[in-house]
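*Asks:* sequence first, then the predicted structure:
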Amino acid sequence: MRSTPPTVWHRLDLVLARIRPHREPLSLLADALVIAFCWNVTYLFRLGFERWIEARPGYDPWVMLGVVAAYLAAFAALRVPQAMWRFSGFGEVKRLTLACVLAGSVSAAVVMGLGLAQVPRAVLALHPFVALMGVCVVRIGYRMLYEHARQRITGSEREIRRAVVMGAGAAARLLLAGIHEQGWIVLGLLDDDPAKQGARIAGVPVLGPLDAIADKAVRGAATHVVVALPSASRAQRRRALDLAAGTGLPVVTVPSVDELRTGKSRIERLREIQPEDLLGREPVKLDDRGVAAVIAGRTVLITGAGGSIGSELCRQVAQFQPARIVLYELSEFNLYSIEQDLARGFPHVELVRLIGDVKDLAHLRAACAAWRPEVLFHAAAFKHVPLMEEGDNALAALRNNTLGTYHAALAAAEAGCGRFVLISTDKAVNPTNVMGATKRAAEMVVSTMAAQHKGTRFMAVRFGNVLGSSGSVIPKFKEQIARGGPVTVTHPEIIRYFMTIPEAARLVLQAAAVGESGQVLVLDMGEPVKIVDLARDLIRLAGHTTQEIRIEFTGLRPGEKLYEELLADADNTLPTPVPRLRIARLAEEPGEVGALLRWAEETTSAHDTDVRDALRQVVAEYRPTA
């Protein structure tokens, strides 16, 4: 990619950006020159061309210096130098008028009080008004020049964006080749490689190591920090993000290596920090070859296909060239959205769009009988913990999460499906809420079906919170930050295990490849993350401080734990061929899930306490919170 040379307007803005940190003294200097010039213009107006120099008294230069000093003192007292000329408006004119009248009056009084009679009184009277016109014209001229440059650089009325780029490798070189066309000015690069210090890349200097971003002199007039380290390790990128967040400037980044490799984005298309950028651990690498052996050339049915997990699952399944994907979804809009997305990205994959409800066994049976899926991923679920605790929603959660799992599993077994994968949750471990208890009961359904239907492999996959999924904290925090806060966190000590949506989808596919019937697969998700730390990171990366956007603690919600678990104490774990992926072989189930399913099937209305009692009889470890 050839580099597009910056225009004269880019160069002009770059010069202005470099001197902008010294705005206040330069503003005073410019005003001093204008006031001195206006003093001479006033003499010219009063005495004419023939006499405007020779008729002055010998002490006039000293008087002029005193007048200039008086004006600068008035400007400093009224905070005129702090104003930014590119935003000059009526408010600035009012402040300049007051300063000029005040300084002119004091100057005239001092001159007359010292008996300097040879200074024309007309000059003393007219100079404040000429000086006011002079300083106003200079500011208006600067603003006109700035706005014209902005129009030529950005092609619109938006502000010029100036960036310091963290990283001076191949990604930075490619970035510099096209970023000027998007209205960006790059002030400098930072890199920890000593060999690059002091070098210039595409005409842009390398200003120092990454931690030099903390120096205001290095940042200069930057409006953004760009992290251009797509091939760095997750820990290195996280360090760079932490350093960038400490500047108080908005932080953006180049696309990741995966995005660039798959063609989803180009290097110059900067984006905001995404949830996966905030994970401190490396993503889990799974066995793509084994997944391809299960998916390629086969019919795959996905329930809840339009949800946040289901839709990503559809996209990743499509990459392995299945014969067709049957999209089973209750929401018309979600079904349309994922169908359009897949049709654009994977036009060669046959799509079957079905509006359906997993609580409707007859429809599920008909769908499975018609399309004979060889793999069924069951992603349809109600997952919002507090919502399922409210009112009479507990029965809806039981019917959708547990009974719906039974219906999907039964329809899959009757149609001769080879693999059935339930998407479960860490909240199913020692559950304290209805959602977790219904998902634990769904896991028990999988165990029961595995024992009854040997022709189908029934398995579940269990993971923690998914960054960026619907109902998760990331979209909520971003929305609250955009509104100006506060950002609400339930408890200062609450922690969660996190993974990204693509990582969650890959884990589900891996479960289908390596899991045996009756197993629950669990990802080793590394260290848990404090939710309040996540909130602080997002606030800082948006260019704010916790003083500007405060964090408010609202208290634990109904059914919410301070700490989540991935394995119950009674579970045994076994390794798999995939690093950091474990198998949980669950203890014998003391409850009778069949009775719970029959009760859920027959009951159309029940109080939430009745549902909780029914769940407690089957899920022995369920301990509802008060």
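*Replies:* Alright, I've got the coordinates.

*Asks:* that's a strand at residue 192, yeah?
*Replies:* No - Residue 192: not assigned to a strand; according to DSSP: H, G, I helix; E, B strand; the rest coil it is coil.

*Asks:* mind checking how far it is from residue 79?
*Replies:* Residue 192 is 40 Å from residue 79, where distance means C-beta to C-beta, to the nearest Å. Every C-beta, even on glycine, is put in place using the N, C-alpha and C of the backbone.

*Asks:* got it, and residue 72?
*Replies:* As judged by C-beta to C-beta, residue 72 and residue 79 stand 13 Å apart.

*Asks:* with neighbour numbers in mind, choose between these two.
*Replies:* residue 72 (19 against 11; other C-beta atoms under 10 Å).

*Asks:* by average pLDDT, which secondary structure element in the chain comes out worst?
*Replies:* helix 257-261 (a mean of 54; mean pLDDT, DSSP states H and E).

*Asks:* which strands or helices does whatever helix or strand comes next after that one pack on?
*Replies:* Note on helix 257-261: by DSSP states H and E, the next helix or strand toward the C-terminus is strand 271-272. Here strand 271-272 is seen to pack against strand 251-253 when contacts are counted using 3 or more C-beta pairs under 8 Å, 6 or more residues apart in numbering; DSSP states H and E.

*Asks:* residues in contact with the strand it packs on: which ones?
*Replies:* 224-228, 241, 244-245, 270-273, 277, 541-543 (C-beta atoms under 8 Å, 6 or more residues apart in numbering).

*Asks:* and those, which of them are in strands?
*Replies:* Those of the contacts of strand 251-253 mapping onto strands are 224-227, 271-272, per DSSP state E.

*Asks:* correct me, but residue 310 touches residue 300?
*Replies:* No - in this structure, residue 310 is not within contact of residue 300 by C-beta atoms under 8 Å, at 11.7 Å.

*Asks:* between the two, who's got more neighbours?
*Replies:* residue 300 (28 against 25).

*Asks:* and the helix or strand where the more buried one lies, which strands flank it?
*Replies:* For residue 300, the host element (DSSP H and E) is strand 299-303. Here strand 299-303 is paired, per DSSP bridges, with strand 324-329 (parallel), strand 375-378 (parallel).

*Asks:* what sits up against the shortest one?
*Replies:* Okay, so that is strand 375-378. 294-295, 298-304, 310, 313, 317, 358, 368, 404-405, 408-409, 412, 417-423, 508, 512.

*Asks:* returning to that earlier point: which among the contacts of strand 251-253 end up buried?
*Replies:* 224-228, 241, 244-245, 270, 273, 277, 541-543 (16 or more other C-beta atoms under 10 Å).

*Asks:* would you list those residues in CSV and tack on pLDDT and distance to residue 30?
*Replies:* Formatted as CSV, the buried ones among the contacts of strand 251-253 follow (pLDDT from 0 to 100; distance: C-beta to C-beta, whole Å):
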residue, pLDDT, distance to residue 30
224, 88, 28
225, 89, 30
226, 88, 32
227, 87, 36
228, 84, 36
241, 85, 39
244, 86, 33
245, 84, 35
270, 69, 34
273, 71, 39
277, 69, 43
541, 76, 36
542, 76, 34
543, 75, 29
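
*Asks:* tell me which of those residues is nearest to residue 196?
*Replies:* Distances from residue 196 to the buried ones among the contacts of strand 251-253, taken as C-beta to C-beta, are shortest for residue 228 (13.0 Å).

*Asks:* what sits against the closest one?
*Replies:* Contacts of residue 228 by C-beta under 8 Å, 6+ apart are 165-167, 169, 171-172, 175, 253-254.

*Asks:* report the two of these separated the most.
*Replies:* Among these, 169 and 253 lie farthest apart (C-beta to C-beta), at 14.0 Å.

*Asks:* looking at those two, which is more packed in?
*Replies:* More neighbours surround residue 253 than the other of residue 169 and residue 253, with 24 against 17 (other C-beta under 10 Å).

*Asks:* what pairs with that one across the strands?
*Replies:* Beta-bridge pairing for residue 253 (DSSP bridges): residue 227, residue 271.

*Asks:* gap between it and residue 354?
*Replies:* 38 Å.

*Asks:* same check on residue 407?
*Replies:* 14 Å.

*Asks:* these two: who's more crowded?
*Replies:* Between residue 407 and residue 354, counting by other C-beta under 10 Å, residue 407 is the more crowded of the two (26 against 19).

*Asks:* and the more buried one, what is it in contact with?
*Replies:* Taking C-beta under 8 Å, 6+ apart, one finds 358-361, 364 in contact with residue 407.

*Asks:* and it, what's its pLDDT?
*Replies:* What the model reports for residue 407 is a pLDDT of 97.

*Asks:* quick revisit: now the contacts of residue 407: which count as buried?
*Replies:* Listed as buried from the contacts of residue 407 are 358-359, 361, 364; burial here means 16+ other C-beta under 10 Å.

*Asks:* ok, so of the contacts of residue 407, who is nearest residue 446?
*Replies:* Closest approach to residue 446 among these (C-beta to C-beta): residue 358, at 14.2 Å.

*Asks:* is residue 249 in contact with residue 219, as I believe?
*Replies:* Yes - using C-beta under 8 Å, residue 249 is in contact with residue 219, at 7.2 Å.

*Asks:* assign residue 462 to helix, strand or coil.
*Replies:* Following three-state DSSP, the label given to residue 462 is strand.

*Asks:* on that earlier part again, ok, which pair from the contacts of strand 251-253 is furthest apart?
*Replies:* 228 and 542 (19.1 Å).

*Asks:* helices of the stretch 101-250 of the chain, start to end?
*Replies:* For the stretch 101-250 of the chain, the helices defined by DSSP state H, counting those that start in this stretch cover 121-154, 170-178, 216-219, 234-245.

*Asks:* if I've got this straight, residue 620 is in a helix?
*Replies:* No - with three-state DSSP as the criterion, residue 620 is assigned coil and is not in a helix.

*Asks:* how much space between it and residue 593?
*Replies:* Going from residue 620 to residue 593 by C-beta to C-beta gives 12 Å.

*Asks:* who has more neighbours out of these two?
*Replies:* residue 593 (22 against 13).

*Asks:* how about the more buried one, what does it touch?
*Replies:* Taking C-beta under 8 Å, 6+ apart, we find residue 593 in contact with 402, 441, 444-445, 448, 618.

*Asks:* for it, give me phi and psi.
*Replies:* Note on residue 593: backbone dihedrals following degrees, to the nearest 10 are phi -70, psi -20.

*Asks:* just the pLDDT for it.
*Replies:* pLDDT recorded at residue 593 is 89.

*Asks:* find the nearest non-adjacent residue to it, please.
*Replies:* Spatial nearest neighbour of residue 593, excluding adjacent residues (C-beta to C-beta, 6 or more residues apart in numbering): residue 444 at 4.5 Å.

*Asks:* in terms of pLDDT, where does the one you found sit?
*Replies:* pLDDT, residue 444: 92.

*Asks:* thinking residue 82 is in contact with residue 24, fair?
*Replies:* Yes - if you go by C-beta under 8 Å, residue 82 and residue 24 touch, sitting 6.5 Å apart.

*Asks:* tell me which of the two has more neighbours.
*Replies:* Using other C-beta under 10 Å, the more surrounded residue of residue 82 and residue 24 is residue 24, with 14 against 10.

*Asks:* next up, the contacts around the more buried one.
*Replies:* 81-82.

*Asks:* do the same with residue 169
*Replies:* 191, 228-229, 231.

*Asks:* and what of residue 544?
*Replies:* Residue 544 is in contact with 248, 481, counting by C-beta under 8 Å, 6+ apart.

*Asks:* where does it fall, phi/psi-wise?
*Replies:* The phi/psi pair for residue 544 (degrees, to the nearest 10) reads phi -120, psi 170.
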